[in-house]
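Chemist: no FASTA, just this:
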């Protein structure tokens, strides 16, 4: 399974980066191949200063070795080894009318000292973080998520949409990071769904990503914007940074397992503002967004 999934995310990285370069039309992804001293490595691809994308990364990694003490304590195990692989992407567009997007699809195995698999699971999801709310975009993004989930089980979308709303919640701000999407973790074999079933589900979600996001980019990138709109984008990006550094499990896992710091922090936007006690004007489009972020909304 680990070989099959790692091959899949390599192919998916190629597919996604090729399409994003085509959409941007100006710059190409810079690629870094890196090795992890304890075992494994990855392929980081970053795009910067493009026509469409101010900064973005589409990264894959496959790392293995002894599970660090901090992670042994987290999982409640002793003397375990692990393998983890995944694709993680974050795209920060230049135009404030185009939303930021994040996605991640991953697979994890844990072994005893004899090398036997003692646990394995899939995880992942994707979420949209707009700076100006176009409800039809939110509906489109969530519709693709639901259609894809429904191919496997018509209860999955509602479950994973709710988990996404709960996970991407900035508790110290008491607001959502964005308008959600899907979040699933610890997807393990059961009597009704084996690991190959989960692989097919995650693959279908990954394959649907471009269809969920690119039409929004194309529709909104031509809209005019001012320095006021950029200021608001950068203020909201500050909340994005806060979530990633304070709450995000992927960031914390990477830091605790001696991951490559440049790849872990590629999700951070290049230009951010933190203004003291900032509040949007009453009745403004900016306030409209903030109101929606205070309580998760049903989009489809």
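Modeler: Arrived safely. Note that the coordinates shown come from a computational prediction; the quantities given were computed from them, not determined experimentally.

Chemist: And the strands in the stretch 201-300 of the chain?
Modeler: Taking DSSP state E, counting those that start in this stretch as the test, none of the stretch 201-300 of the chain falls into strands.

Chemist: low pLDDT regions in the protein?
Modeler: Counting by pLDDT under 70, the chain contains no low-confidence residues.

Chemist: residue closest to the middle of it?
Modeler: By CA atoms, centre = their mean, the chain has its centre lying nearest to residue 103, at 2.7 Å.

Chemist: Which element, helix or strand, includes that residue?
Modeler: When elements are assigned from DSSP states H and E, residue 103 belongs to strand 100-111.

Chemist: So in that sheet, which strands flank the following helix or strand past that strand, and in what orientation?
Modeler: Secondary structure here is assigned by DSSP H and E; on that basis, the next helix or strand after strand 100-111 toward the C-terminus is strand 117-129. Based on DSSP bridges, the pairing partners of strand 117-129 within the sheet are strand 100-111 (antiparallel), strand 181-187 (antiparallel).

Chemist: so how far is strand 117-129 from its chain's centroid?
Modeler: Relative to the mean C-alpha coordinate of its chain, strand 117-129 is positioned 10 Å out (CA atoms, centre = their mean, to the nearest Å).

Chemist: Can you report how many residues lie near the closest residue to residue 231 other than its chain neighbours?
Modeler: By the measure of CB to CB, 6 or more residues apart in numbering, the closest residue to residue 231 outside its immediate chain neighbours is residue 273, 6.6 Å from it. Just so you know, the C-beta spots here come from the backbone N, C-alpha and C atoms, and that holds for glycine as well. Neighbouring residues of residue 273 were enumerated by other CB atoms under 10 Å; the total is 14.

Chemist: repeat for residue 112
Modeler: The burial count assigned to residue 112 is 13, neighbours taken as other CB under 10 Å.

Chemist: can you pull the contacts of the closest residue to it other than its chain neighbours?
Modeler: The spatially closest residue to residue 112, leaving aside those adjacent along the chain, is residue 118, at 5.2 Å (CB to CB, 6+ apart). Counting by CB atoms under 8 Å, 6 or more residues apart in numbering, residue 118 touches 80, 110-112.

Chemist: Can I have the buried ones of those residues as a PyMOL selection?
Modeler: Buried members of the contacts of residue 118 can be picked out in PyMOL with the line below, counting by 16 or more other CB atoms under 10 Å:
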select buried, resi 80+110+111
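
Chemist: ok, so what distance separates residue 285 from residue 227?
Modeler: Distance of residue 285 to residue 227, computed by CB to CB, to the nearest Å: 15 Å.

Chemist: and these two? which has more neighbours close in?
Modeler: Regarding residue 285 and residue 227, a neighbour count based on other CB under 10 Å identifies residue 285 as having more, with 13 against 7.

Chemist: nearest spatial neighbour of the more buried one, skipping sequence neighbours?
Modeler: residue 132 (5.6 Å).

Chemist: quick one, what contacts the one you found?
Modeler: If a contact means CB under 8 Å, 6+ apart, then residue 132 has 96-97, 229, 232, 285-286, 289 as its contacts.

Chemist: For residue 68, give its distance to residue 229.
Modeler: For residue 68, the distance to residue 229 - CB to CB - is 43 Å.

Chemist: okay, these two: which has more neighbours?
Modeler: When residue 68 and residue 229 are compared on other CB under 10 Å, the one with more neighbours turns out to be residue 229, at 18 against 15.

Chemist: Which residues are in contact with the more buried one?
Modeler: 96-97, 131-132.

Chemist: what about it, distance to residue 45?
Modeler: In this structure, residue 229 and residue 45 are separated by 28 Å, where distance is defined by CB to CB.
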